[in-house]
Structures are given as structure tokens and as C-alpha cells.
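Undergrad: predicted structure and sequence below. I'll ask about it afterward.
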Amino acid sequence: MEPTIQIDLKKIDDIITHYHGNKEALLMIMQDISDIYSHVPPAIISILVDRLGVKKSLIYSVATFYKTISLEPRGKYIVSVCTGTACHVRGAEKITETLQQKLGIQEGQTTADRLFTLKAVRCIGCCASGPVITVNKETYGGLDRTAAQKVIDDYKNLPLNGTA
């Protein structure tokens with residue numbers, strides 16, 4: 001069960017106002033909301049319907065089409081393991097297994113403390129550096145199991161509001 005999230009209506013209003021309440025900016029609005037809450041909380045969907053004059057089905061379509069948007073809570077750090085051909089043949093599966101063990105979750109899940117979400121992606125575009133992972137927007141290549149674990153440890157050791 002998802003913990004209760006306190007929605008800051010002023011922040012939501014500020015985001016919508018920033019885009020002039022333009023329904024064409026739905027994706028950007030949802031991305032900004034995701035940046036605050038790590039996802040688009042269900043309580044905000046009705047606000048978007050009312051304020052932007054869009055259908056609920058459009059909001060769900062955007063959320064399910066774009067990987068940057070989620071309707072489920074995600075971790076502060078999104079760990080993406082490249083499973084494209086070049087990374088696969090260089091051990092991406094072993095990296096995924098190692099990270100699953102390290103984090104205590106399966107691919108597609110988020111740790112209980114909401115610090116990490118682990119996901120597989122088809123290609124990051126760094127084929128010569130495989131196997132590759134990204135943590136949010138940072139890329140780490142040429143990894144083995146030990147190096148992948150160290151990346152996670154480095155993020156675990158950051159101050160709560162820190163970034164790598």
C-alpha cells in the first residue's frame with residue numbers, strides 16, 4: 001500500500017500556471033510533477049483533468065507511453081541497466097542479478113526506502129562502453145559486478161539531499 005503523500009496544491013498550481021494552463025504542455029507538467037513526487041500521484045490526476053480540461057484517459061496514455069512519467073512511486077535514484085546487444089554480450093545479465101541482490105528488489109521494483117528503482121532498458125547508446133548503467137542522468141560504463149555495487153554504495157552514502 002502506498003504511504004499517504006501530502007500534495008502541495010500551490011506547487012501544482014505554480015506548475016500549471018508556468019505553462020499557462022495549456023493542455024498541450026501536459027507532458028512537461030507531468031514531468032515537473034514527477035520531479036517533485038517521483039511519480040504523478042493519483043490525487044493529482046483529477047486536478048489535471050479539471051485545470052487543463054483534458055480527459056483522464058489522455059493522462060494515462062501519456063503516463064504509460066513516456067518512460068520519464070510514472071503513476072507508481074519510484075526511487076530517488078533510477079538505476080537503468082542497458083540490456084542491448086553490446087551490453088548483453090558483455091555481461092549485462094550478471095550486472096542486473098548483482099544489483100537485484102544488492103538492492104533486494106527485482107527489475108521494475110523500488111526499494112522500500114524509495115531510494116532506488118531498478119529497471120532494464122534496451123539501449124543507452126554507449127555500446128563501446130558496455131555493460132552500462134545509468135543512475136538518473138549519470139552514465140557508468142565498463143562495469144563488472146564489483147564496480148556496479150560500488151556505484152550503488154556511492155549513492156547510498158550521499159547526504160539525503162545530495163546528488164552524485
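TA: Yep, that arrived. Numbering: from 1, shown residues only.
Undergrad: Three-state assignment for the residue nearest the centre of the chain, please.
TA: Note on the chain: the residue nearest the mean C-alpha position is residue 78, at 4.6 Å, using Cα atoms, centre = their mean. Applying DSSP: H, G, I helix; E, B strand; the rest coil to residue 78 yields a three-state assignment of strand.
Undergrad: ok, the one 10 residues further on next?
TA: Using three-state DSSP, the three-state assignment for residue 88 comes out as helix.
Undergrad: how much space between the residue of the chain most remote from its centre and residue 59?
TA: Centroid-distance maximum for the chain: residue 53 at 26.7 Å, with Cα atoms, centre = their mean. As judged by Cβ to Cβ, to the nearest Å, residue 53 and residue 59 stand 12 Å apart. (Glycine included, C-beta is placed from N, CA and C.)
Undergrad: run through the residues that contact residue 19.
TA: With contact taken as Cβ atoms under 8 Å, 6 or more residues apart in numbering, residue 19 is in contact with 25, 28, 29.
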